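**Student:** attaching a predicted model along with its sequence, questions to come.
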Amino acid sequence: MFIVSRFIRNYLNTGTKASNSPAVRQQIQVTNLFGFIGYFITFILGVTALFRSQWDHNDDFYLGVTLLIASVLFFTSRIILKYFQSKNGYKFSANLVTSALMLLMLYLIVMGGVKNTGPLWIYIVPPVVLFFGGLKRGLVQLGAFALVVIIILEFPNNGLLFAEYSAEFRSRLIYSFLTVSMLFVFYEYSRQRSFKTLQELSKKFEQQARIDSLSGLQNRRGMLEKLEYEHHRILRHSKNMTLMMCDIDHFKQVNDQYGHDVGDIVIKQVGQMFANGLRKQDTVARWGGEEFLFMLPETTQQQAFVLAEKLRKKVENYEQKVDSAHLSVTVSIGIYQMHPQDKLDHAISRADTNLYRAKTHGRNCTVVTD
Ligand SMILES: Nc1nc2c(ncn2[C@@H]2O[C@H](COP(=O)(O)OP(=O)(O)OP(=O)(O)O)[C@@H](O)[C@H]2O)c(=O)[nH]1
């Protein structure tokens, strides 16, 4: 049982890569499934038809050969998917499945299949074509297929139809096929819309999970991700990177004197001042309560010092009006320029140590490593 389920899983995952998004992975899995059903069923039906024909060149013989050709095409699509694990490989494979399927269906309509039951298979076309081609391309392919079916069935004198169907059967076949197609188009449209909404929502939630709701800056989680990414990049290219840890001075007093709500406004305003004073490649995050961490790629500690002093003075000169009182705060900053061998948490704690030194030096100042 375990071996069977492992075989099925391996089979369905043929052609998928760890880097594939869930949507792409699902598409490849369904392609494998269709491919399997396609070549398995057509192979069985083909062999049965050949035996029925007793190898005479009669209708069953040609039906058997056609089904076996389709089976080979379906199988080829699987091989392509397995050995060309690329977007183009997938596209080609999907096109092969849909084209082979449509041609097979047209053949069944034209020849009638076993006792004129061949046309009953055409209802497979709408879901398969829409799934592989997507709404736009699928609709065009489906429209073209429906047009060819109508031409074959409704213009009996065109010499394209070899099987004999009653007029009622032909018209009902077209109506029912168009109805089923429309339902599938509607279904695919709703599916795509829900999928898009879901993707947008998930992207929004992902972003929100990295943003601090009070200040609008990156939160600790978002900053850690950026730091890790940037750290690798800097290491690879042997570039400088400097961290700055900043804390609002005597913030407890602000809360105690003016209330927590005013404290929140101050955090927000200071955060905005910081964010507005940075270059595009720099990041500032709200690291803790009234603590901010700056990441400055390609920056030395001397350059960071200039920036820190500029920001510190900006905050010093900022005034928040609270009722009749004018409230101003100051910040202390610790700077640490990373060495190539530094681990991130070590670098952060060194910036923190320098911040602590700034606090002990009387606050409202910037400290770099000597
Ligand atoms: N309003 C507000 N206050 C916060 C928030 N997060 C932390 N705090 C407060 O910030 C204060 C930090 O106090 P301390 O760690 O003693 O530091 P400090 O008063 O700033 O003194 P120094 O850092 O030594 O200059 C505490 O009173 C926290 O309650 C927040 O989101 N909003």
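**Tutor:** That came through fine.

**Student:** the ligand contacts on the stretch 101-250 of the chain?
**Tutor:** Counting by CB under 6 Å from any ligand atom, the residues of the stretch 101-250 of the chain lying close to the ligand are 214, 247-250. All C-beta spots, glycine's among them, are computed from the backbone N, C-alpha and C.

**Student:** I'd like the residues you listed as JSON lines, with neighbour count, secondary structure and pLDDT appended.
**Tutor:** Below are these laid out as JSON lines (neighbours: other CB atoms under 10 Å; DSSP: H, G, I helix; E, B strand; the rest coil; pLDDT from 0 to 100):
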{"residue": "214", "neighbour count": "13", "secondary structure": "coil", "pLDDT": "95"}
{"residue": "247", "neighbour count": "21", "secondary structure": "strand", "pLDDT": "98"}
{"residue": "248", "neighbour count": "21", "secondary structure": "strand", "pLDDT": "98"}
{"residue": "249", "neighbour count": "20", "secondary structure": "coil", "pLDDT": "97"}
{"residue": "250", "neighbour count": "15", "secondary structure": "coil", "pLDDT": "97"}
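
**Student:** for residue 254, give its distance to residue 325.
**Tutor:** From residue 254 over to residue 325 the distance is 11 Å, taken as CB to CB, to the nearest Å.

**Student:** and these two? which has more neighbours close in?
**Tutor:** residue 254 (23 against 11; other CB atoms under 10 Å).

**Student:** wait, doesn't that one sit right on residue 329?
**Tutor:** Yes: applying CB atoms under 8 Å, one finds residue 254 in contact with residue 329, separated by 6.4 Å.

**Student:** common neighbours of the two, please.
**Tutor:** Common contact partners of residue 254 and residue 329 (CB atoms under 8 Å, 6 or more residues apart in numbering): 248, 266.

**Student:** after the longest helix anywhere in the chain comes which helix or strand?
**Tutor:** If you go by DSSP state H, the chain has its longest helix at helix 167-208. The helix or strand immediately downstream of helix 167-208 is helix 220-237, counting by DSSP states H and E.

**Student:** contact partners of that following helix?
**Tutor:** Contacts with helix 220-237, where a contact means CB under 8 Å, 6+ apart, come from 209-211, 218, 239-241, 283, 285-288, 293, 295, 297-298, 338, 340, 344.

**Student:** residues of it that come out buried?
**Tutor:** By neighbour count, and taking 16 or more other CB atoms under 10 Å as the criterion, the buried residues in helix 220-237 are 222-224, 226-227, 230-231, 234.

**Student:** ok, stretch 10-22 next?
**Tutor:** Counting neighbours by 16+ other CB under 10 Å, the buried set in stretch 10-22 is 12, 14-16, 20.

**Student:** before we move on, what about stretch 29-44?
**Tutor:** When neighbours are counted by 16+ other CB under 10 Å, the buried residues of stretch 29-44 are found to be 29, 31-32, 34-36, 38-39, 41-43.

**Student:** show me the subset of those residues that also lies near the ligand.
**Tutor:** The overlap between these and the neighbourhood of the ligand (criterion: CB under 6 Å from any ligand atom) is empty.

**Student:** this protein: strands as residue ranges?
**Tutor:** For the chain, the strands defined by DSSP state E occupy 241-248, 283-286, 291-297, 320-322, 325-327, 331-337, 366-368.

**Student:** by proximity to the ligand, which residue of the stretch 51-200 of the chain wins?
**Tutor:** Minimum separation of the stretch 51-200 of the chain from the ligand (CB to the nearest ligand atom) falls at residue 200, amounting to 29.7 Å.

**Student:** give me the neighbour count for that residue.
**Tutor:** Using other CB under 10 Å, residue 200 has 10 neighbouring residues.

**Student:** from residue 194, how far off is it?
**Tutor:** With distances defined as CB to CB, the gap from residue 200 to residue 194 amounts to 11 Å.
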